[in-house]
Structures are given as C-alpha cells and as structure tokens.
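Participant: give me coordinates for this.
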Amino acid sequence: MEPFARNVVHFIRLLRGAGLGMSPAQAVDALDALRWIDIGRRDDVRATLASLLVHAPDERETFDAAFDLFWRDPDWEGKLRAMLLPKVTSGVPPPTRNNRLADALAAHNAARAKPPAPDPAPEQLHARMTFSAQERLSHRDFDTLTADEWRTLRHQIRSHRMPLATEPTRRLKAASHGTHADLRASARHAVRSGGDWMVWKYRAVVERRPPLVLLLDISGSMSAYSRAVLYFCHALLQSRERLQVFLFGTRLTNATRALRERDPDVAIAALAEQVVDWSGGTRIGAALAEFNRRWARRVLAGRATVLLVTDGLDHEAIDVLDAEMQRLARFAHRLVWLNPLLRYPEFTPRARGVRAILPHVDVMLAAHNLDSLAAVGRELASLGGRTTPGKTGDTRWN
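Facilitator: Got it, this is the predicted structure:
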C-alpha cells in the first residue's frame with residue numbers, strides 16, 4: 001500500500017499543478033477513502049478520487065485526462081504528445097488542448113527524473129552579478145518574446161496576485177471589535193444572560209474593492225501587448241475580482257464571459273474566434289462612443305476605475321475621440337492609460353490621437369513588460385486622487 005499511497009500523493013500534486021485547488025488534507029481523505037474499496041478495480045478508484053477531488057463541473061475534464069495519463073497507462077507519453085499536436089480527422093475538430101495539464105506533467109516528470117545533486121565542492125564560484133531567467137524575462141518587451149518565453153510569462157502572470165485597494169462603504173457588519181457599538185445585539189445578549197450587560201457587540205465598516213473596467217486595443221500594432229494584458233486580466237477574473245473586459249479594434253466586443261474560462265489558452269482561443277477585427281485596424285473614437293452609449297452607465301457605477309490600453313495611434317475623427325474621452329472621464333472615477341509606447345525613453349505625445357487622449361486621463365503608465373504590469377498593480381493598490389499627466393512635472397508629456 002505504501003507505493004500506492006505515494007502515487008496518490010503524486011497524482012494530487014499533479015492536479016494542483018494543473019490548476020485544481022488541492023490541499024494536503026484532501027490527500028489524507030483520499031488515502032482513507034481508498035482503504036474501503038478494491039484498488040484493483042480502476043473504475044472504482046477513479047470514482048472515489050473524483051468524488052473527493054473534483055469540486056466544479058469544469059474540473060472533471062482535467063481530472064479525467066490526468067487520471068488516464070498518470071495511472072500506469074503504458075502509452076501516456078504518446079497520448080500527451082497527441083494531446084499537444086492537433087490532428088485532422090475527416091472534418092472533425094481536434095480535441096481541446098489542455099496546456100495546464102501538459103505543463104504539470106512535464107514538471108512532474110522532470111522532478112522525478114532529476115538526478116541526485118552531487119556533493120558540493122570545497123570551493124565554489126559565486127556569480128553574484130548574474131540574473132536569473134525569470135528576472136531577465138521581467139525586463140523583456142512583450143513584442144520580442146519567443147514561444148517558450150511566452151509559456152513562462154503565462155505561468156508568472158498566473159501565479160501573481162495583486163493586492164488591489166479597498167474602499168469603505170456605508171454598510172456595516174457584525175464584528176468582534178470596531179468603532180460602532182451595536183446596541184440591539186448587545187441588548188439581546190444581555191437578555192439571554194439574565195439581564196447582566198457584560199458584553200458589548202460591535203459593527204464594523206464593510207470594505208470592498210472598487211470595480212475595474214478594461215478597454216483593450218487589439219489592433220495590429222497592439223497584438224503582442226494586448227495578448228499579455230489578456231492573460232493579466234484572466235488572472236484577475238480567476239481571483240474573483242470585479243472586472244469587465246472590452247476589446248476594440250474597428251468595433252467593440254464584450255470579452256468578460258469568455259475570460260471566465262478556467263484555462264487561459266482556451267479562453268483566448270475562444271476570443272480569437274469570436275472577435276472578427278483581431279490584429280486589424282483601429283477606430284478608438286468610434287469604439288469609445290459605442291462604449292459610452294451602451295455600457296458606461298451599467299459598468300462604471302460604484303467608483304469604477306477604467307484601464308485604457310492603447311498606443312493612441314489613431315488619425316481618424318480626432319474631434320470624436322476628444323469628445324468621447326471627455327465623456328468617459330466624467331463617467332469613471334479614475335482613468336488610467338496603459339501605453340506601450342512609453343517603452344521608448346524619448347517618447348513625446350506628437351500623434352494627434354495621443355494628444356486627444358492625454359488631457360482626460362489621470363495617470364499614464366507603460367504596459368510593455370512584466371515590470372510595467374507590476375507597476376500597474378501598485379497603481380491599482382493605491383487610492384490616489386485625480387492628477388493630470390501634463391501637470392506632473394514630466395517634461396516628456398508637456
């Protein structure tokens with residue numbers, strides 16, 4: 001039973017690496033449950049583990065694939081390669097690619113095949129001025145990444161959690177201590193205690209995160225950057241943040257529902273099929289006009305922050321762009337512009353579209369690498385007041 005127990009623990013680690021919420025307590029429960037069934041019957045083992053480890057309908061597909069590949073399938077390596085490579089079978093679409101499971105299996109096999117570390121030599125060289133691959137990747141421009149670097153980038157974005165700022169509301173909740181005494185609750189407790197008023201009950205202010213609305217430019221000049229920002233938004237949605245995502249090129253598309261898919265690659269592939277103007281032209285003014293007319297009053301309530309991700313390189317209908325930006329600034333509590341062109345130190349707002357957008361935003365930040373996305377997270381974690389970039393003292397924006 002001991003080798004089988006180790007395999008169960010490794011299987012649960014594999015599921016955790018594939019994105020399922022696993023804990024050591026679930027491994028203990030699984031081992032206890034497997035003692036009461038015949039482990040020689042594969043279907044009984046599958047059903048027992050699924051009843052304990054699967055908590056949502058969308059997790060069952062990942063569980064079944066991991067179970068078939070892990071539990072002593074003689075051709076699991078061939079099945080893994082077949083899952084990663086698309087097939088053409090008489091017009092039938094290929095199966096959905098599960099990158100999370102493939103990455104978790106690769107990491108699991110690398111850990112098991114890793115040779116033991118040799119004994120340290122008496123004298124070792126310390127390269128204190130070198131940088132790790134992840135640190136180098138944090139400075140790399142999104143437009144220069146290779147396929148392997150994109151995969152590493154997705155993992156880093158997925159594992160990052162931003163401490164978004166919270167704001168006090170007018171609502172109160174029961175608390176063990178606080179600034180508001182709850183006289184009714186204290187009186188009820190005194191009645192139950194025989195009339196002795198010995199314990200005070202309190203109410204505290206409820207805090208919540210203000211909603212976020214993302215307006216993302218998916219035109220040809222923004223292709224690589226919009227892809228990275230979409231992975232960033234997917235991580236926020238999976239952490240239950242109040243986020244609405246809209247894509248625009250030549251038209252406006254609401255992408256919030258598609259990004260709620262657990263696997264980010266599946267979500268972005270579905271968006272690529274849904275959005276017809278991906279990597280095409282851009283009409284920022286027309287897209288903002290449609291957003292202000294159809295969506296602004298619905299999604300910009302509750303002191304919402306708007307993240308506008310675009311390079312501003314639009315030369316059509318500049319007067320419309322200026323008017324719609326002014327209207328958007330009135331709807332939003334804060335308007336943050338994420339501009340990949342800030343990767344250039346000599347950037348100046350010379351384009352007509354940039355000059356039309358700039359006076360109406362509160363903050364303009366870069367969005368071209370991981371460090372810039374971390375700066376966006378720090379900005380969202382603060383609750384600063386409204387500022388105008390032209391008055392910040394930065395000579396590049398004057």
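Participant: just give the number of residues close to Leu321.
Facilitator: 26 (other CB atoms under 10 Å). For glycine as for every other residue, the C-beta is placed from the backbone atoms N, C-alpha and C.
Participant: Arg35 too?
Facilitator: 9.
Participant: likewise Leu137?
Facilitator: Applying other CB under 10 Å, I find that Leu137 has 17 neighbouring residues.
Participant: does it lie in a helix or a strand, and which?
Facilitator: helix 133-139 (DSSP states H and E).
Participant: give the buried residues for that helix.
Facilitator: 137-138 (16 or more other CB atoms under 10 Å).
Participant: got the buried residues for whichever strand or helix holds Tyr231?
Facilitator: Under the criterion of DSSP H and E, Tyr231 resides in helix 223-238. Buried positions in helix 223-238, judged by neighbour count with 16+ other CB under 10 Å: 224-238.
Participant: so what does that helix touch, helix or strand wise?
Facilitator: helix 147-159, strand 212-217, strand 243-248, helix 264-274, strand 305-309, helix 370-380 (3 or more CB pairs under 8 Å, 6 or more residues apart in numbering; DSSP states H and E).
Participant: got the angle for the first one vs helix 264-274?
Facilitator: When you say that, I think you mean helix 147-159. 110 degrees (axes from the mean of the first three to the mean of the last three CA atoms, to 10 degrees).
Participant: and helix 147-159, which residues are buried?
Facilitator: Buried residues in helix 147-159 (16+ other CB under 10 Å): 153-154, 157-158.
Participant: outside of the next helix-or-strand element following that helix itself, list whatever touches it.
Facilitator: Tracing the chain past helix 147-159, the next element assigned as helix or strand by DSSP H and E is strand 167-175. Strand 167-175 has contacts (CB atoms under 8 Å, 6 or more residues apart in numbering) with 180, 182, 185, 201-210, 303, 383.
Participant: just checking, which of the residues you listed belong to helices?
Facilitator: Ala185 (DSSP state H).
Participant: and the buried residues of helix 147-159, which two are furthest apart?
Facilitator: Leu153 and Arg158 (9.5 Å; CB to CB).
Participant: what is in contact with these two at once?
Facilitator: Joint contacts of Leu153 and Arg158 (CB under 8 Å, 6+ apart) are Tyr231.
Participant: pLDDT-wise, what's the bottom of the buried residues of helix 223-238?
Facilitator: pLDDT is lowest at Gln238 among the buried residues of helix 223-238; the value there is 73.
Participant: what distance do you get for it to Arg260?
Facilitator: 8 Å (CB to CB, to the nearest Å).
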